[in-house]
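Trainee: Fold the following and give me the result.
(2 chains)
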Amino acid sequence: MSGRDVLPTVIWPIVACALGVAALACVPFLFGDYGLSMAINIVSYTVLATAWSLFSGPTRYVSLATVAFFGIGAYTTAVFAESLPWVAVLAIAACLSVVVAAIVGLATLRLSGVYFVIFSLGLAELVRQLVTWWEVNKTRTLGRYVFTDITAAQIYWQLLGLAVLVFVAGFLIGRSRLGLALRAIGDDETVARHSGIDTTRAKVALFVLSTVFMTLAGAIMAPRWTYIDPAIAFNPVISFTVLIMALLGGVHRLYGPVMGVVPLALLFEFLLARFPNHFSIMVGLVFILIVYAIPRGIAGLVEQTVERTRRQPA
Amino acid sequence: MSALLQVEGLTRRFGGLVAVDSLSFSVDTGEVVGLLGPNGSGKTTVLNLLSGALKADSGSVALKGQAIAGKAAHQIARLGIARTFQLVRPLGSLTCRDNVLTGLAFGRGRSWGVAARGEADTLLDRVGLARARDTMPGELTYIDQKRLELARALALQPELLLLDEWLAGLNPTELEEGIALIQSLSGQGITILLVEHVMDAIRSLCGRCLVMNTGRLIASGLPQEVLADPEVIRAYLGDDGSGEGGDA
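Mentor: Got it, this is the predicted structure:
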């Protein structure tokens, strides 16, 4: 291919994405407070669900530890936001998640299937209990106020930037050796090992990367709450919500999770407003429906229809 | 000729069962060696020990003089031992080309990008899957899946190829093609250790055979000699060929 052929196929998608992000960046100017808070909700879950499926999609290791890292990020902000510059707070959050995820990954990614699921759920609870114990016995408070001068619009822009980073990371990994290694691991870990893949290193590397995004999302979101305690920051519902959003969208494509985030975020908002007392039951029904009716997610449905329409004229 | 693979006193126990019992043998560069024995005699366990899927309880394995016993499977793969599996195990969500790319990307060549894709296509051509590059493994016939697995193993650029009943379950025509394919690999200088039950294949492929029974080596030599050995016959058929084996 000559340079002239490559240019349009490379440049136009980038231009289109840049325009899309620029349009999304205008949201704080166009909608009111309610619209902005919905947008923050959607973008933060987009980061979490996409980061989740970076690791869990190809490897098929279902993790319920999302909130452990999200909460670590939120607490980092709560502890350091008043005393340190914002960039330093984010850097500390990222470093903490690298350390925790590397230890957890090396210790547990040998587990497979349901054992890993249970462990990851336990991990989130363990971190919550540790933070609670520390706060009660050492600092003698169970809640913290998060005072910063960060506005809602600034939170939104940071999350949008983080979302762009997640997608870029996912795009690059999908085209790298690491991406191929993870897909091989998801198919058959034994075969992957016998093909020369250091499966432990590949899994830990991606687990760490995926949790860094989750932790940063937590750190950026914390100022929204002004008050946090362990029950808020480490709420297991967040892990389950991320999981079901990613599954609805489809975890085998980079663009999949966001297709689950948008409808479900809107649906949950509607259910919370209309049926606050029956919310959990409704969410449970939605879970069951998704798993049975669309196992490959919306991305899978889209691919099916595209394939069908392509075959028909032939 | 020098010994490519040197195995000394290799032992592996599963609980009280000694699956491989102080096994010693060597394979020279360029040889095609058959590993025979009745079901449950420990052949697949030997391949698992050599390829790093299992760790030996004792004994040593050396590839070109380098000790490899105890190393992880991916390290052994990178050192030059590739394997296929008794039941085919293609990577189901990857196209045929990507299946082969895994071996290329993480094997000794560590090639990637356009060059690796070209190499993958060459390997698929070589095993007879030129038309199936973008096909998913699930759509292939049984023998084609076996070809794919072979291409993935070859992508590691192995010095020693371990084939675990690669010819089992093929019809007579496919068997001929399979034997020709393995012969062509041997002709290109790859040393092969194969576990096999198909006697035609053993006779036409193997220069030498090792026979195992209950974890021990009971015979070694030319195929026709080994197959006529009274102890080998006893291992396969029972004490006098009609008595104990009668109700099987």
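
Trainee: Identify the residue nearest B:Met212 in space, chain neighbours excluded?
Mentor: Across the structure, with Cβ to Cβ, 6 or more residues apart in numbering or on different chains as the measure, the residue nearest B:Met212 apart from its sequence neighbours is B:Gly37 (3.7 Å). To be clear about C-beta, it is placed using only N, CA and C from the backbone, and glycine gets the same treatment.

Trainee: Could you report the pLDDT at the one you found?
Mentor: Reading off the per-residue confidence, B:Gly37 sits at a pLDDT of 89.

Trainee: what's residue 11 in contact with, if anything?
Mentor: I went with chain A, as the question did not name one. Contacts of A:Ile11 were listed using Cβ atoms under 8 Å, 6 or more residues apart in numbering or on different chains, and none were found.

Trainee: that's the wrong chain, I meant chain B
Mentor: For B:Thr11, the contact set (Cβ under 8 Å, 6+ apart) comprises B:Val18, B:Val20, B:Asp21, B:Ser22, B:Leu23, B:Ala56, B:Asp57, B:Ser58, B:Gly59.

Trainee: chain center to stretch A:229-240, what's the gap?
Mentor: Taking the mean of its C-alpha atoms, stretch A:229-240 sits 14 Å from the chain's own mean (Cα atoms, centre = their mean, to the nearest Å).

Trainee: That one: which residues count as buried?
Mentor: Applying a neighbour-count criterion of 16 or more other Cβ atoms under 10 Å in any protein chain shown, one finds A:Asp229, A:Pro230, A:Ala233, A:Phe234, A:Asn235, A:Pro236, A:Ile238, A:Ser239, A:Phe240 buried in stretch A:229-240.

Trainee: what's the answer for stretch A:144-151, then?
Mentor: Going by neighbour count (16+ other Cβ under 10 Å), the buried part of stretch A:144-151 is A:Arg144, A:Val146, A:Thr148, A:Ile150.

Trainee: Generate JSON lines for those, with distance to B:Arg97 and pLDDT as supplementary columns.
Mentor: Supplementary listing: those in JSON lines, determined by distance: Cβ to Cβ, whole Å; pLDDT from 0 to 100:
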{"residue": "A:Arg144", "distance to B:Arg97": "54", "pLDDT": "89"}
{"residue": "A:Val146", "distance to B:Arg97": "51", "pLDDT": "87"}
{"residue": "A:Thr148", "distance to B:Arg97": "51", "pLDDT": "86"}
{"residue": "A:Ile150", "distance to B:Arg97": "48", "pLDDT": "91"}
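
Trainee: Name the residues that touch stretch A:139-158?
Mentor: The list of residues contacting stretch A:139-158 from outside it, by Cβ under 8 Å, 6+ apart, reads A:25, A:27-28, A:33, A:36-37, A:39-40, A:43, A:75, A:77-79, A:81-82, A:86, A:132, A:135-136, A:220-230.

Trainee: let's see it at 6 Å
Mentor: Taking contacts as Cβ atoms under 6 Å, 6 or more residues apart in numbering or on different chains, the residues outside stretch A:139-158 that touch it are A:28, A:36, A:39-40, A:78, A:81, A:135, A:220, A:222-223, A:226-229.

Trainee: Which of the residues you listed fall in strands?
Mentor: Among the contacts of stretch A:139-158, the members falling in strands (DSSP state E) are A:Tyr227, A:Ile228.

Trainee: and B:Ala228, how far is that from chain A?
Mentor: Counting by Cβ to the nearest Cβ, to the nearest Å, the gap from B:Ala228 to chain A is 35 Å.

Trainee: Contact partners for that residue?
Mentor: Counted by Cβ under 6 Å, 6+ apart, B:Ala228 has zero contacts.

Trainee: Any idea how many residues pack against A:Leu111?
Mentor: Applying other Cβ atoms under 10 Å in any protein chain shown, we find 14 other residues in the vicinity of A:Leu111.

Trainee: what's the helix or strand for the closest residue to chain B within the stretch 1-150 of chain A?
Mentor: The nearest approach of the stretch 1-150 of chain A to chain B comes at A:Pro58, 8.7 Å away (Cβ to the nearest Cβ). Under the assignment given by DSSP states H and E, the secondary-structure element containing A:Pro58 is helix A:33-59.

Trainee: Provide the secondary structure category for the nearest residue to A:Ser53 once chain neighbours are set aside.
Mentor: Distances taken as Cβ to Cβ, 6+ apart put A:Val251 closest to A:Ser53, at 4.0 Å, once the chain neighbours are dropped. Under the three-state scheme (DSSP: H, G, I helix; E, B strand; the rest coil), the conformation of A:Val251 reads as coil.

Trainee: Name the nearest residue to whichever residue of the stretch 51-200 of chain A sits closest to chain B, sequence neighbours excluded.
Mentor: In the stretch 51-200 of chain A, no residue comes nearer to chain B than A:Gly196, which is 3.6 Å away by Cβ to the nearest Cβ. Spatially, and ignoring its direct neighbours in sequence, A:Gly196 is nearest to B:Phe106 (3.6 Å; Cβ to Cβ, 6+ apart).

Trainee: can you pull the contacts of the one you found?
Mentor: A:Ser195, A:Gly196, A:Ile197.

Trainee: what secondary structure does the second one sit in?
Mentor: If I follow you right, that is A:Gly196. Per three-state DSSP, the local secondary structure of A:Gly196 is coil.

Trainee: how far away is it from A:Leu285?
Mentor: Distance of A:Gly196 to A:Leu285, given as Cβ to Cβ, to the nearest Å: 46 Å.

Trainee: cool, and the first one?
Mentor: From A:Ser195 over to A:Leu285 the distance is 42 Å, taken as Cβ to Cβ.

Trainee: Now chain B against chain A: closest residue?
Mentor: Nearest residue of chain B to chain A, counting by Cβ to the nearest Cβ: B:Phe106, 3.6 Å away.

Trainee: Give me the phi and psi for that residue.
Mentor: B:Phe106 adopts backbone torsions of phi -120, psi 0, taken as degrees, to the nearest 10.

Trainee: Kindly report the residues of the stretch 151-300 of chain A close to chain B.
Mentor: Applying Cβ under 6 Å from any Cβ of the partner chain, we find that the stretch 151-300 of chain A lies next to chain B at A:Arg177, A:Leu180, A:Ala184, A:Asp187, A:Asp188, A:Val191, A:Arg193, A:His194, A:Ser195, A:Gly196, A:Ile197, A:Asp198.

Trainee: Turn those into JSON lines, including neighbour count and pLDDT.
Mentor: Conversion of these to JSON lines gives the following (neighbours: other Cβ atoms under 10 Å in any protein chain shown; pLDDT from 0 to 100):
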{"residue": "A:Arg177", "neighbour count": "19", "pLDDT": "92"}
{"residue": "A:Leu180", "neighbour count": "28", "pLDDT": "93"}
{"residue": "A:Ala184", "neighbour count": "30", "pLDDT": "94"}
{"residue": "A:Asp187", "neighbour count": "21", "pLDDT": "92"}
{"residue": "A:Asp188", "neighbour count": "17", "pLDDT": "92"}
{"residue": "A:Val191", "neighbour count": "23", "pLDDT": "94"}
{"residue": "A:Arg193", "neighbour count": "24", "pLDDT": "94"}
{"residue": "A:His194", "neighbour count": "28", "pLDDT": "94"}
{"residue": "A:Ser195", "neighbour count": "32", "pLDDT": "94"}
{"residue": "A:Gly196", "neighbour count": "26", "pLDDT": "93"}
{"residue": "A:Ile197", "neighbour count": "28", "pLDDT": "94"}
{"residue": "A:Asp198", "neighbour count": "18", "pLDDT": "93"}
